[in-house]
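A.B. asks: Have a look at this prediction, sequence included:
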Amino acid sequence: MPTGLSLHVGLNSVDPDRYDGWDGTLVACENDARDMARIATAAGFAPTVLLTKEGTVDGITAALRDAAGKLSDGDVLLFSYSGHGGQVPDVTGGDHEPDRRDETLVFYDRQFLDDEVHQEFLRFDEGVRIVTFFDCCHSGSSIELPGAAEVAGRYVPEPQQIALYERDRDFYDGLQRSLAASAAAEGDGQGPPVILVSACQDNQVAADGDVNGAFTEALLDVWHDGAFHGDYRTFHKAIQAKLPPTQSPNLYTTGAPTEAFLGQKPLTV
């Protein structure tokens, strides 16, 4: 039987000492991580949960590398992240994105580039299936949900984002160049198949909430304690239908997932 391991990260704040006094307070991210771990456990995964101060670069990469050492062909990793998202200029241009920006996950101690996430996934055997759910955003404006008062967006405010990048420009520019060089040296290896369902598009924001983030709340409602019947595409569309056009969840793949993988019921070990 395949093995399923899962990692669930939820950050209700970040270290203000590392973010120039900004603590990025959110409400529902730890709840999101716990709820994702709950449904993963019911689906047969062995979960690891990292909350707020545990959500450091070292802590999260250690958990991912531990999973990479344990999983092999036919196994599956489920990785959920709930917290702030950000962007930094892409100095290499390697992603061929029109906005020339790298998206980031805002970990407790620093922002983690999307290229770094990809680099961690390359540590897994190419036969491992990877499924990711990211409840964060990559933009710099607020959002309103229908019938609700203004809700906090899960993004780094533009003034802080600019100031943090200027402070750490040399670090991120050097990191991007190093990752680009590593990718070039690795050649055409595409890595394991990855399915990402994210809370919104790159130019949108994701809303926090009183109990769960808007995306995670919709996901839990659609999943309905495992009663959902369908594949990843229909799962994504059902979640999308529960959110406003200003927050449109994205379905994205890397590593060429097979139709059999995309056609599985979500959270299948």
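C.D. replies: That came in fine, so what should we check first? Just so we're clear, the structure is a prediction, and the values are computed from it rather than from any experiment. Numbering: from 1, shown residues only.

A.B. asks: among the helices and strands of the protein, which has the poorest mean pLDDT?
C.D. replies: In the chain, the helix or strand scored least confidently by mean pLDDT, DSSP states H and E is strand 143-144, which has a mean of 24.

A.B. asks: which residues sit against stretch 167-182?
C.D. replies: Contact partners of stretch 167-182, identified using CB atoms under 8 Å, 6 or more residues apart in numbering, comprise 20, 88, 90-92, 94, 102, 110-111, 113, 115-116, 119, 165. Glycine gets a C-beta too; all of them are placed from N, C-alpha and C.

A.B. asks: any weak-confidence spans in the stretch 1-150 of the chain?
C.D. replies: 93-99, 138-150 (pLDDT under 70).

A.B. asks: Mind jotting down where the helices sit in it?
C.D. replies: Taking DSSP state H, counting those that start in this stretch as the criterion, the stretch 1-150 of the chain contains helices spanning 29-42, 57-70, 114-121.

A.B. asks: Single out the most deeply packed of these.
C.D. replies: Neighbour counts (mean count of other CB atoms under 10 Å) averaged over each of the helices of the stretch 1-150 of the chain peak at helix 29-42, with a mean of 22.

A.B. asks: Off-centre distance for it?
C.D. replies: Taking CA atoms, centre = their mean, to the nearest Å, one finds helix 29-42 lying 14 Å from the centre of the chain it belongs to.

A.B. asks: Repeat that for stretch 131-138.
C.D. replies: Stretch 131-138 sits 3 Å away from the centroid of its parent chain (CA atoms, centre = their mean).

A.B. asks: Kindly format the C-alpha coordinates of it as PDB.
C.D. replies: Extracted in PDB, the C-alpha atoms of stretch 131-138 (Å, rounded to 0.1, in the frame of the first residue of the first chain):
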ATOM      1  CA  VAL A 131      -0.500  17.700  -3.600                       C
ATOM      2  CA  THR A 132      -0.400  21.300  -2.300                       C
ATOM      3  CA  PHE A 133      -3.100  23.600  -1.000                       C
ATOM      4  CA  PHE A 134      -1.900  27.200  -0.400                       C
ATOM      5  CA  ASP A 135      -4.300  29.600   1.400                       C
ATOM      6  CA  CYS A 136      -2.300  32.900   0.900                       C
ATOM      7  CA  CYS A 137      -2.200  35.700  -1.600                       C
ATOM      8  CA  HIS A 138       0.300  37.500  -3.800                       C
END
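
A.B. asks: Could you check that stretch and say which residues are buried?
C.D. replies: When burial is assessed from 16 or more other CB atoms under 10 Å, stretch 131-138 yields the following buried residues: 131, 132, 133, 134, 135, 136, 137, 138.

A.B. asks: Out of those residues, which comes closest to residue 199?
C.D. replies: Proximity of the buried residues of stretch 131-138 to residue 199 (CB to CB) peaks at residue 135, which lies at 4.6 Å.
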